[in-house]
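Q: got a predicted structure here, sequence first:
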Amino acid sequence: MKKELQVSAIKNGTVIDHITQGQVERVLYILNLSDYKDQIYFGANLDSKKYGKKGIIKVSNKFFAPEEISKIALVSPTATLIEIRDYEVTVKKQVEISDEIRGLVKCVNPNCITNHEAVPTHFEVVNKDEIVLRCRYCEKNTGKTNIEFV
Ligand code: CTP
Ligand code: ZN
């Protein structure tokens, strides 16, 4: 049987594979890719053996910083991050959510001190599967449906 890539190969850059179903647009948004000038390929509702359906984003000539990779993990915990150099896969890793998140996500509580003063947010990750972040200041939970980045 003929096997083809569902989206073209890239020469240099990053592939974000196995994006959680429905999250491709959100990943593009949090990575500020709307005004990126080099090639971007993306696909949604692609067949995946592991997840049924998945999304994929390929960004030419771009490698993401740890903070950006943490953001990807928070909206798409199933994602695999793949770096390509001269058409070869040089890095392939599962995105990871750390035990604590500092200064990346807004606290959902409008009364929280972090929404009123120049205090960076700080959360303890109390559930990595469901994505539940407990604020160290007000103890309110921010969850995957209301995550917003600072
Ligand atoms: N890829 C790419 N450009 C390249 C090489 C790889 O866009 N020059 C993409 C592939 O399309 C794939 C991902 O990077 O989505 C991982 O590549 P590879 O490890 O070669 O693919 P598989 O073995 O199919 O990986 P997996 O089974 O983990 O999906
Ligand atoms: Zn708070």
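A: That came through, no problem. Ligands and ions are numbered 1, 2, ... in the order given.

Q: give me the neighbour count for the residue of the chain found nearest ligand 1.
A: For the chain and ligand 1, the shortest gap (CB to the nearest ligand atom) falls at residue 9, measuring 3.5 Å. C-beta here means a position set from N, CA and C on the backbone, and glycine is covered the same way. As a burial measure, residue 9 scores 10 neighbours (other CB atoms under 10 Å).

Q: and residue 39, by the same measure?
A: Counted with other CB under 10 Å, residues neighbouring residue 39 total 14.

Q: what's it in contact with, if anything?
A: Counting by CB atoms under 8 Å, 6 or more residues apart in numbering, residue 39 touches 10, 58, 59, 60.

Q: got the CA positions of stretch 111-119 in CSV?
A: These are the backbone C-alpha positions of stretch 111-119, laid out as CSV (Å, rounded to 0.1, in the frame of the first residue of the first chain):
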residue,chain,number,x,y,z
ASN,A,111,-10.0,39.6,42.8
CYS,A,112,-6.6,37.9,42.9
ILE,A,113,-3.7,40.1,43.7
THR,A,114,-2.0,39.0,40.5
ASN,A,115,-4.8,40.8,38.5
HIS,A,116,-4.3,44.1,40.4
GLU,A,117,-0.6,44.4,41.2
ALA,A,118,2.6,43.7,39.3
VAL,A,119,2.9,40.3,40.9
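
Q: next, the buried residues of it.
A: 112, 114 (16 or more other CB atoms under 10 Å).

Q: thinking again about what came up before, drop anything exposed from the contacts of residue 39.
A: By 16+ other CB under 10 Å, those give 10, 58, 59 as buried.
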